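Peer 1: Test case, fold it:
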Amino acid sequence: MNRTIRGMPARRLLRRVLPVAAAVLVGAGFAAGPTATAAVAAPAAAAAVAPSTTGGELGPNVYIFTPSMPQASIQSTLDSIASQQVSNQFGSQRYAILFEPGTYGSKTDPLIFQVGYYTTVAGLGLSPNDVTINGEINVSNQCFGANNCVALDNFWRSLSNVTINVTTGTGCQQSTEFWAVSQAAPLRRVHVNGNLFLFDYCSNPGYSSGGFIGDSEFTGGSVINGSQQQWVTRNSNLDGWSNSVWNQVFCGSPGAPAQSFGVTPGTQFTTLGTCPVTEEEPFLYTGSDGSDSVFVPAVQHNSSGPTWTNGTEAGTSIPLSKFFVASPGTSGAAMTAAMARGLNLILTPGVYDLNQPIVVPHPDTVVLGLGMATLVPQHGNAAMMVVSNSGVKVSGLIIDAGPVNSPVLLSVGTPGPGNASNPDLIQDVFFRIGGAATTPVSATVSLLDNASNSIIDNLWAWRADHGNDVGWTVNRGDTGLVVTGNDVTAIGPAVEHYQKNEVIWSGQGGTDIFFQNELPYDPPTQADWMASPTQDGYPAFLVTGNVRSFQGYGMGSYVVFIQTTATLFDKEIFQSPNTPGVQFHDLLGVWIAGSGGDNSIINGVGGPVTSTNPGKVTPVNLISYP
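Peer 2: Numbering: from 1, shown residues only. Just a heads-up that it's a prediction; the model follows:
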């Protein structure tokens, strides 16, 4: 998506040192078979942030702060990281910033800093209330010229497990937290006491384009959506929500706007009182005795509100000694061997070039990425393969396509029964086909989910529309997400620019809550983009003909044909069997740019959504189907 409308050293963390097995599991060698385009600034050649001098098991790019450290030193480190990362869209640097329990900043001397690309910020408490920041943790617009300051490319960062008492000085942003982001920039498990703006109004035009909030609480102010074109919020207590643009979706979030999709112009709210099935992301924390562990929250059914606000949270703790801690030089074979011996896996910040897949062989294995750890297969292999359909948790990763086509980048589960009480979990996993690469790359499918009862929670699969080596024959990818498992729940998937169907869903009993899509920008001709000799384009979201039960809520797709001179048509945005058990609620299409568009919304019904009807950036809604 690309549109307009230090420091302190890391503390040593104990882990078991294991021998690396020479062999890996059988099968690990899987390899065969409103808008004009915003200018994109080249990454700044900023001076590198000084690494930790004492190391530590989590590596030199993990910074752990304590309340006893001088605030000036903390501020200096954070500012140094931000100065490098705020404009570093396709760089290789990665950082995790962790705060031990306590209070940072004050009303008279607030701690205020920016979060740039590939930077994750988290508290190390068991509750968000254990780490308090008096100040602001901000993401602001990037400016590419006069009156071209936007948040449309503010991707790949996160904030979690902290309380922010919004405290500022004077000026435009007084008493306001900015989280002006687009995809792959989640807010999880935060308590914001004050106003939270999801766009940056201090520079123009301030457009922003989508995001995710989960398991959070907002008090003492309001959440101001502003220019956010789409957003999904789940299991959060809201103290207000200002407005909608195209597609705002809520589930299990007290205080959310009432259901009102397309009833009154400008109300595009899809609101579910509860979330059908959720599980929060595992996270690092420091116990009262100073030991370090990873907390794994329990699965919830028909839930509402945050998990942590009413006492002890359900879940289990895993001591850090039960994790293998990998660094970018660690091979896929070594990580596979460690998990085969019963360990879990932490991937520390960096870019991992993989000559073979990381195989997750056992149930109940936690795979946790820090600092947007990035996996890149090198020989047509998958980046990761999850074998079990029970209890595997994969979170906090970017997975890039490599120089040799990978049939699949991440596969989860095997066909067959799943575990509803202990599902596989895929959270904050983000895929890229191109953009960051220095050579042409490709992958046929980004995520293949075979695991019945699994949960997909905040996914962005992106065939790059800007960056390095971008073009119809250069960065190739057919489909972002394929779901074959039964009773799979997806909350917050965004899948963009793939060359065939963006999503293929063939499992029974599935639920999708929110969907955001842009069709490919760049088919050279209509003939290059045909689902069949008689069907123009590809449905963005295909529910295959075998499916007899499916529920979809708050799902949209956008036409942005700006990298082609062709007039392109798509027969329909969504395609599904016409059967009573397959139901869609609150569908929309938006034409943004280019000649042509969508001839219908679903199965020939609704629309059209084209350059001649109804006009620029106006949603065309279909409240229900069938």
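
Peer 1: so what strands line up beside the helix or strand bottoming out on mean pLDDT in the chain?
Peer 2: When the helices and strands of the chain are scored by mean pLDDT, DSSP states H and E, strand 176-178 comes last with a mean of 93. The strands that strand 176-178 pairs with in its sheet are strand 195-197 (parallel) (by DSSP bridges).

Peer 1: so what strands line up beside the following helix or strand past the strand it pairs with?
Peer 2: Sequence order places strand 212-214 as the next helix or strand after strand 195-197, per DSSP states H and E. Counting by DSSP bridges, the strands paired with strand 212-214 are strand 187-193 (parallel), strand 230-234 (parallel).

Peer 1: quick one: the helices in this protein?
Peer 2: Counting by DSSP state H, residue ranges of the helices within the chain are 71-85, 332-340.

Peer 1: possible to save those as CSV with mean neighbour count and mean pLDDT?
Peer 2: The way it works is simple: take the backbone N, C-alpha and C, and place the C-beta from them, glycine included. Listed next are the helices of the chain as CSV, based on neighbours: other C-beta atoms under 10 Å; pLDDT from 0 to 100:
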stretch, mean neighbour count, mean pLDDT
helix 71-85, 19, 97
helix 332-340, 22, 97
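
Peer 1: can you redo these as CSV with distance to Pro523?
Peer 2: Formatted as CSV, the helices of the chain follow (distance: least, C-beta to C-beta, whole Å):
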stretch, distance to Pro523
helix 71-85, 34
helix 332-340, 35
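
Peer 1: which one of those helices lies closest to Ser227?
Peer 2: In terms of C-beta to C-beta, the element of the helices of the chain nearest to Ser227 is helix 71-85, at 22.8 Å.

Peer 1: Quick one: list the elements packing against the closest one.
Peer 2: Helix 71-85 sits against strand 62-65, strand 95-99, strand 111-114, strand 119-123, with contacts defined as 3 or more C-beta pairs under 8 Å, 6 or more residues apart in numbering; DSSP states H and E.

Peer 1: need the ones you listed in TSV with mean pLDDT, can you?
Peer 2: Below are those laid out as TSV (pLDDT from 0 to 100):
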stretch	mean pLDDT
strand 62-65	96
strand 95-99	97
strand 111-114	97
strand 119-123	98
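
Peer 1: got TSV for those, with distance to Ala256 too?
Peer 2: Shown next, in TSV, are the helices and strands packed on helix 71-85 (distance: least, C-beta to C-beta, whole Å):
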stretch	distance to Ala256
strand 62-65	34
strand 95-99	29
strand 111-114	29
strand 119-123	25
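
Peer 1: got the contact list for Gln508?
Peer 2: 486-487, 547-550 (C-beta atoms under 8 Å, 6 or more residues apart in numbering).

Peer 1: Give the buried residues for stretch 284-295.
Peer 2: For stretch 284-295, the neighbour count (16 or more other C-beta atoms under 10 Å) marks 284-286, 292-295 as buried.

Peer 1: follow-up on the earlier one: go through the contacts of Gln508 and give me the one with the most neighbours.
Peer 2: The most crowded member of the contacts of Gln508, judged by other C-beta atoms under 10 Å, is Phe550 (23 neighbours).

Peer 1: Right, I'll call it a day here.
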